[in-house]
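Novice: no sequence on hand, only this structure:
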């Protein structure tokens with residue numbers, strides 16, 4: 001609350017006190033049977049002065065100077081009462097002390113001192129006025145009257161100085177408390193905002209943890225599949241190795257059999273050449289040579305044996321060729337299986353790479369979230385330090 005606002009409220013209070021005082025004065029004068037002139041002066045002057053003070057107060061005009069206008073109105077009203085009363089009373093003069101006492105409500109020594117000065121002026125005027133002097137100051141020395149005003153003014157000024165100092169301290173403490181409340185409100189707002197951020201961060205971390213767990217499962221499953229594929233490829237390669245060895249062996253057997261067939265064919269050729277000489281024509285006479293039957297039979301038997309060996313070797317070659325075709329089919333099938341496994345292996349590797357990239361993004365977001373959380377904690381720490389060093393401790 002500002003000083004101007006407090007002063008305005010006190011001005012309103014004094015306006016109310018003025019109206020109540022005038023009302024009580026009129027009522028008291030009616031009860032004691034005062035003259036009509038005195039009542040008219042009281043009502044007219046009091047209404048005019050209080051009306052002016054009321055207008056200035058509620059229009060908020062010259063707020064800082066109304067506290068000097070009020071003692072002028074009160075002092076003027078006291079003087080008018082003394083002058084309008086056919087038999088002035090000393091009790092009416094004593095209203096100047098009530099006037100000074102009322103000014104202490106402002107908690108400011110200046111209006112009290114100003115009222116004391118006005119009381120000096122009123123006392124001197126009344127003391128040297130013949131009618132008022134004879135009525136109320138006949139046996140009162142002026143120096144005593146002045147001394148009483150001075151003592152009253154000193155006492156009331158000291159009281160107002162103490163009240164003013166206390167009020168300023170209270171205002172300073174109030175401002176400190178208000179700043180502390182603002183700091184506490186800001187700190188509470190930051191805490192609520194931080195709690196919201198922490199809740200969102202916790203939810204995000206739970207989601208990322210679930211996603212990371214799923215990625216880990218997928219990576220583990222992919223690694224198991226890759227291991228199984230590699231094992232299968234190893235088995236396929238071992239089968240290919242065995243098939244290649246079998247093919248090499250079959251080729252070797254076929255080469256051996258072909259050599260044997262070549263030997264048999266060469267043998268048949270020699271036998272045919274040997275058989276042609278006995279059964280050849282005589283060049284001199286032009287008549288076929290005579291051949292013994294045993295020789296022909298021997299040649300035929302060797303020919304038939306050689307034919308059987310050739311047939312046997314041909315069968316073995318057919319078997320070897322069939323075996324070779326089977327081995328080639330096995331090798332082709334194994335190569336197809338390896339190619340398929342390689343494709344599956346590459347697909348699994350791509351999935352693992354994609355999962356690892358996704359996990360890397362999740363970890364990056366996690367680091368960013370921790371950075372935001374760290375900044376929020378730093379802000380809260382600064383606010384807490386500012387709150388600890390605020391004026392609240394001074395108030396306490």
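Specialist: Cool, the structure landed. Remember, predicted model here, so these are calculated numbers, not experimental data.
Novice: all helices for the chain, in order.
Specialist: Taking DSSP state H, the helices of the chain run over residues 3-32, 36-58, 66-84, 90-93, 95-103, 109-128, 130-136, 142-276, 293-388, 392-395.
Novice: list the buried residues in stretch 95-102.
Specialist: Applying a neighbour-count criterion of 16 or more other CB atoms under 10 Å, one finds 95, 96, 97, 99, 100, 102 buried in stretch 95-102. Any C-beta I mention is one placed from the backbone N, CA and C, and that applies to glycine too.
Novice: which among these gets closest to residue 200?
Specialist: residue 102 (62.9 Å; CB to CB).
Novice: distance of the closest one from residue 18?
Specialist: To residue 18, residue 102 is 9 Å away according to CB to CB, to the nearest Å.
Novice: what is in contact with those two at once?
Specialist: Both residue 102 and residue 18 are in contact with 70, 74, where contact means CB atoms under 8 Å, 6 or more residues apart in numbering.
Novice: if we can go back for a sec, out of the helices of the chain, which gets the lowest mean score?
Specialist: The stretch with the lowest mean pLDDT among those is helix 392-395, at a mean of 45.
Novice: go ahead and confirm residue 13 touches residue 105.
Specialist: Yes. Using CB atoms under 8 Å, residue 13 is in contact with residue 105, at 6.9 Å.
Novice: if you count surrounding residues, which of those two has more?
Specialist: Using other CB atoms under 10 Å, the more surrounded residue of residue 13 and residue 105 is residue 105, with 16 against 13.
Novice: quickly list the domain ranges of the chain.
Specialist: Per automatic domain parsing, the structural domains of the chain span 3-140, 189-270+295-395.
Novice: okay, these, which one's buried deepest?
Specialist: For the domains of the chain, the largest average neighbour count (mean count of other CB atoms under 10 Å) is found in domain 3-140, namely a mean of 17.
Novice: for that one, what is the distance to the chain centroid?
Specialist: Centroid separation for domain 3-140 versus its chain: 65 Å, with CA atoms, centre = their mean, to the nearest Å.
Novice: from start to finish, how long is it in a straight line?
Specialist: End-to-end distance of domain 3-140 (CA to CA, to the nearest Å): 42 Å.
Novice: follow-up on the earlier one: what touches both of residue 13 and residue 105?
Specialist: When CB under 8 Å, 6+ apart defines a contact, no residue borders residue 13 and residue 105 alike.
Novice: which of the buried residues of stretch 95-102 lies at the shortest distance from residue 161?
Specialist: residue 100 (14.5 Å).
Novice: the closest one against residue 156, yeah?
Specialist: Yes. Counting by CB under 8 Å, residue 100 does reach residue 156; the two are 5.6 Å apart.
Novice: need the contact partners of stretch 151-159.
Specialist: 97, 100, 101, 103, 104, 109, 112, 113, 115, 116, 119.
Novice: let's see that with 6 Å instead.
Specialist: Outside of stretch 151-159, the residues within contact range by CB atoms under 6 Å, 6 or more residues apart in numbering are 97, 100, 104, 109, 112, 116.
Novice: same list, those residues, but as a markdown table with distance to residue 381 please.
Specialist: As requested, those are exported to a markdown table (distance: CB to CB, whole Å):
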| residue | distance to residue 381 |
| --- | --- |
| 97 | 60 |
| 100 | 56 |
| 104 | 49 |
| 109 | 47 |
| 112 | 51 |
| 116 | 57 |
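Novice: find the centremost residue of the chain, please.
Specialist: Note on the chain: the residue nearest the mean C-alpha position is residue 197, at 4.2 Å, using CA atoms, centre = their mean.
Novice: contact partners for residue 146?
Specialist: Taking CB under 6 Å, 6+ apart, one finds nothing in contact with residue 146.
Novice: one more pass at 7 Å, please.
Specialist: Neighbouring residues of residue 146 by CB atoms under 7 Å, 6 or more residues apart in numbering: 120, 123.
Novice: what is in contact with residue 100 and residue 156 at once?
Specialist: With CB under 7 Å, 6+ apart as the test, residue 100 and residue 156 both reach residue 112.
Novice: how far away is residue 100 from residue 6?
Specialist: Residue 100 is 21 Å from residue 6, where distance means CB to CB.
Novice: ok now stretch 196-213, how far from the chain's centre?
Specialist: Between the centre of stretch 196-213 and the centre of its host chain there is 14 Å, according to CA atoms, centre = their mean.
Novice: thought residue 15 was touching residue 57?
Specialist: Yes. In terms of CB atoms under 7 Å, residue 15 counts as a neighbour of residue 57; the distance is 5.1 Å.
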